[in-house]
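*Asks:* sharing a model prediction with you, sequence too.
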Amino acid sequence: MLDLSQTVIRALRSVLPGGNIALHEPRFSGNEWNYVKECLDTGWVSSVGKFVDRFERDLAEYTGVNHAVATVNGTAALHICLKLAGVGRNDEVIVPTLTFVATANAVDYCGAIPHFVDSSKISLGVDPSKLQDYLGDILEVREDGSFNKLTGRRVKALVAMHTFGHPVDLDAIVEVCDRFGLALVEDAAESLGSFYKGRHTGNWGKLSSLSFNGNKVITTGGGGAILTNDADLAKLAKHLTTTAKIPHKWSFSHDMIGYNYRLPNINAAVGCAQLEQLPGFIENKRKLAGKYIGIFSAIDGVTLFEEPSYAESNYWLHSLILDKENMHKRDDLLEATNADGLMTRPSWTLMHRLDIYKSCPRMDDLSLAEDIERRLINIPSSSFLGADA
Ligand SMILES: *Cc1c(COP(=O)(O)O)cnc(C)c1O
């Protein structure tokens, strides 16, 4: 009888081609060369240019959010989202412990403190009912805000992250935020092309952030964006990310301490070309999910993680969850698949375990995230792997 690792490798190979397969690779099969050439030919390579404007317009149109402001990466976008949501020095911000480190880092950049909470097994993102009970216990809601009874600090915002592209239950999360007076920010770095009840993620937060890093659904090499439906916040986001310069023909004057977080025109050119291909990428990623679901439903010991019933996910990274009885085989499975040329990865080390964040406030019970940390592996997810041969 084959052991679990051999069974999984055989299953993956029945869906994937031979040879080395990366976890997530970009594809540049559209207008990338043309648009980048146009930048070089015209000399518009840097921080302003028509592709930046077009990329922002195209992003707003695709996501259905009124305004998009392009930034140099997703972490910078999230930093500005939090600042504009009112997060300041010594505030606490609720963050899932199951996330990429950038989510917590952006909170720290504001001089604020991340406060870690558990995930839901339906979305892998923040669990709204567990959160509601928890906040009811620890918060004192006053006229001037909500305060952590234990630390005395103001709890200002919640960052909801759509893990591997699967949307959190946004209606329920919004309700919890409203009840406790928290500003909602969506870290939608992984969820471009993911919809919650028919509407694109990034529409619920006061502000939301996207990432176009090389491993994301579309890439600009490096890049990000701030999304918001509020015109004033959009204007401020543009201002803050472009050194807060007061527009003038020659004079350099600045009315805030701004950031040089703008996306260069060359990167935006790649982004415009990538965005044209996004619907095709998502279609292929969802096809690949269908193939994986089919093949793994017949295999004992592992399950492919499926999108929540309320959502249509981009399936940014496909995930296998080991059954509880097979949990101890995770490292063998990682060894065997990678040795076979199939790139697989565990999920992130939980934030509350990192030395840099281990003294931050947190839920005592982070058991779902801890369980996922031990049982989940990401498997090859590039969109072209789902294309019909
Ligand atoms: C990719 C990512 C970011 C932002 O990453 P950048 O590399 O700065 O663009 C932020 N949060 C999450 C959850 C991510 O996956």
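*Replies:* The structure has been received and is ready for your questions.
*Asks:* from now on I want contacts and neighbour counts done on CA atoms only, so please keep to that.
*Replies:* OK.
*Asks:* mind listing the helices for the stretch 151-300 of the chain?
*Replies:* Along the stretch 151-300 of the chain, counting by DSSP state H, counting those that start in this stretch, helices occupy 170-180, 231-241, 265-297.
*Asks:* which one of those helices lies nearest to Ala77?
*Replies:* Distances from Ala77 to each of the helices of the stretch 151-300 of the chain were compared using C-alpha to C-alpha; the minimum, 8.6 Å, belongs to helix 231-241.
*Asks:* if we can go back for a sec, return the most buried member of the helices of the stretch 151-300 of the chain.
*Replies:* Here the criterion is mean neighbour count by mean count of other C-alpha atoms under 10 Å, and of these the winner is helix 265-297, at a mean of 21.
*Asks:* among the helices of the stretch 151-300 of the chain, which is nearest the ligand?
*Replies:* Proximity to the ligand, assessed across these by C-alpha to the nearest ligand atom, is greatest for helix 265-297 (12.6 Å).
*Asks:* quick one: low-confidence ranges for the protein?
*Replies:* The model of the chain has pLDDT under 70 over residues 1.
*Asks:* returning to what we had before: and the helices of the stretch 151-300 of the chain: which comes nearest Ser47?
*Replies:* The closest of the helices of the stretch 151-300 of the chain to Ser47 is helix 265-297. By C-alpha to C-alpha, the value is 5.9 Å.
*Asks:* for this protein, which residues are neighbours of the ligand?
*Replies:* 73-75, 99-100, 102-103, 187, 189-190, 211-213, 223-224 (C-alpha under 6 Å from any ligand atom).
*Asks:* now with 8 Å?
*Replies:* 72-78, 99-103, 161-164, 187-190, 209-213, 215-216, 222-224 (C-alpha under 8 Å from any ligand atom).
*Asks:* generate a ChimeraX selection restricted to the buried subset of those.
*Replies:* To isolate the buried subset of those in ChimeraX, counting by 16 or more other C-alpha atoms under 10 Å, use the following:
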select :72,73,74,75,76,77,78,99,100,101,103,161,162,163,164,187,188,189,190,209,210,211,212,213,215,216,222,223,224
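*Asks:* take the residues of the chain next to the ligand and keep only those in strands.
*Replies:* Secondary-structure check on those using DSSP state E: residues within strands are 161, 187, 209-211, 224.
*Asks:* make CSV out of those and add distance to Ile21.
*Replies:* CSV is the format used below for those (distance: C-alpha to C-alpha, whole Å):
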residue, distance to Ile21
Met161, 27
Asp187, 28
Ser209, 29
Leu210, 26
Ser211, 23
Gly224, 26
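*Asks:* which two in those residues are spaced the farthest apart?
*Replies:* Comparing every pair within these by C-alpha to C-alpha identifies Met161 and Gly224 as the most remote, at 15.0 Å.
*Asks:* still on that earlier bit, which one among the ones in strands among the residues of the chain next to the ligand gets closest to the ligand?
*Replies:* Relative to the ligand, the closest of those is Ser211; by C-alpha to the nearest ligand atom it sits at 4.2 Å.
*Asks:* Val69 - that's part of a strand, no?
*Replies:* Yes. Applying DSSP: H, G, I helix; E, B strand; the rest coil, one finds Val69 inside a strand.
*Asks:* tell me what it is bridged to.
*Replies:* Ile226 (DSSP bridges).
*Asks:* pretty sure it contacts Asp58?
*Replies:* No. With contacts counted by C-alpha atoms under 8 Å, Val69 stays clear of Asp58, the gap being 11.0 Å.
*Asks:* out of the two, which sits in the more crowded spot?
*Replies:* Under the criterion of other C-alpha atoms under 10 Å, the comparison of Val69 against Asp58 puts Val69 first, with 27 against 18.
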